[in-house]
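> sequence? don't have it. structure:
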């Protein structure tokens, strides 16, 4: 199992969006992907085109009644995440999923204890942030007293970047200069992303020409490279086929 932990120091920065798009992108390349929503909001499923009244199974139920959307297995782990059985299982052997899965876990910003538990098992920790002062200031809270630069598993993703805005450009330069190779991806701002969510449609289907999609592809390249994953399908072959 390869575990990609998506957890930010501040809510509202697009962590769930990044987790969903990354899972879909890896699955499109032929990866065996499981996406786990550990948040109370239960919003991960919306990015896959499900409605609010449709539910993903928990870990136990997923073994007999899995829910797969666009080749991604969806699991809602919120109800189980604080149980002694679950915590003991994770501490001893990791998440209860198939051994060959690439797992993308969406963890709420406030759930630091779960984030730290999964960090120990994670191959990569993705921390999205926005190009605004509040999000940048929250970076000091991402790893407690530990400097981000010393967290080898942690990588940053700058979301909703808008080069037309001075603050956005300066924030990008600031993060790039301060964290260098830890900034592994930038995702441009596009109103099509929230519009797709409002329509309960996947972004790639709602707006196939969205500028966000090539940014997700680049981020996927960087994530797979960091995790040492080589998939059978080459993204350039898929683009030529399309």
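All right, it came through fine. Note that this is a predicted model, so its numbers are computed, not measured. Numbering: from 1, shown residues only.
> where does pLDDT dip in the protein?
Where the chain drops to pLDDT under 70, the residues are 233-242.
> buried set for the helix or strand containing residue 214?
If you go by DSSP states H and E, residue 214 is part of helix 212-227. Buried positions in helix 212-227, judged by neighbour count with 16 or more other CB atoms under 10 Å: 212-213, 215-220, 222-224, 226-227. C-beta coordinates here come from the backbone N, C-alpha and C atoms, glycine included.
> same question for stretch 120-132.
121, 122, 123, 124, 125, 126, 127, 128, 129, 130, 131, 132.
> one more: stretch 65-74?
For stretch 65-74, by 16+ other CB under 10 Å, it's 67, 69, 72, 73, 74.
> contacting residues around that stretch?
Stretch 65-74 has contacts (CB atoms under 8 Å, 6 or more residues apart in numbering) with 23-24, 27-28, 33-35, 37, 44-45, 48-50, 56-57, 62, 75, 97, 101, 202.
> one more time with 10 Å
Counting contacts by CB atoms under 10 Å, 6 or more residues apart in numbering, the residues outside stretch 65-74 that touch it are 20, 23-37, 44-45, 47-50, 54-57, 61-62, 75-76, 97-98, 101-104, 202, 204-205.
> residue 200: neighbour count?
If you count neighbours by other CB atoms under 10 Å, residue 200 ends up with 16.
> do residue 208 as well
What residue 208 shows, counting by other CB under 10 Å, is a neighbour count of 11.
> and what of residue 185?
21.
> that one bridge partners, please.
Counting by DSSP bridges, residue 185 is bridged to residue 157.
> just checking, it touches residue 126?
Yes: the criterion here is CB atoms under 10 Å, and residue 185 meets it with residue 126 at 8.3 Å.
> mutual contacts of those two, please.
Residues within reach of residue 185 and of residue 126 at once, by CB under 10 Å, 6+ apart, are 18, 22, 155, 156, 157, 219, 222, 223.
> now do the contacts for the residue nearest to the fourth one when sequence neighbours are not counted.
Read that as residue 156. Nearest-residue entry for residue 156: residue 183, 4.8 Å, with adjacent residues in sequence omitted and distances by CB to CB, 6 or more residues apart in numbering. By CB under 10 Å, 6+ apart, the residues touching residue 183 are 129, 155, 156, 157, 158, 172, 175, 176, 177, 222.
> buried only: go through the contacts of stretch 65-74 for me.
20, 23-29, 31-37, 44-45, 47-50, 56-57, 62, 75-76, 97, 101-104, 202, 204.
> of the residues you listed, which belong to helices?
Counting by DSSP state H, those place 20, 23, 24, 25, 26, 27, 28, 62, 204 in helices.
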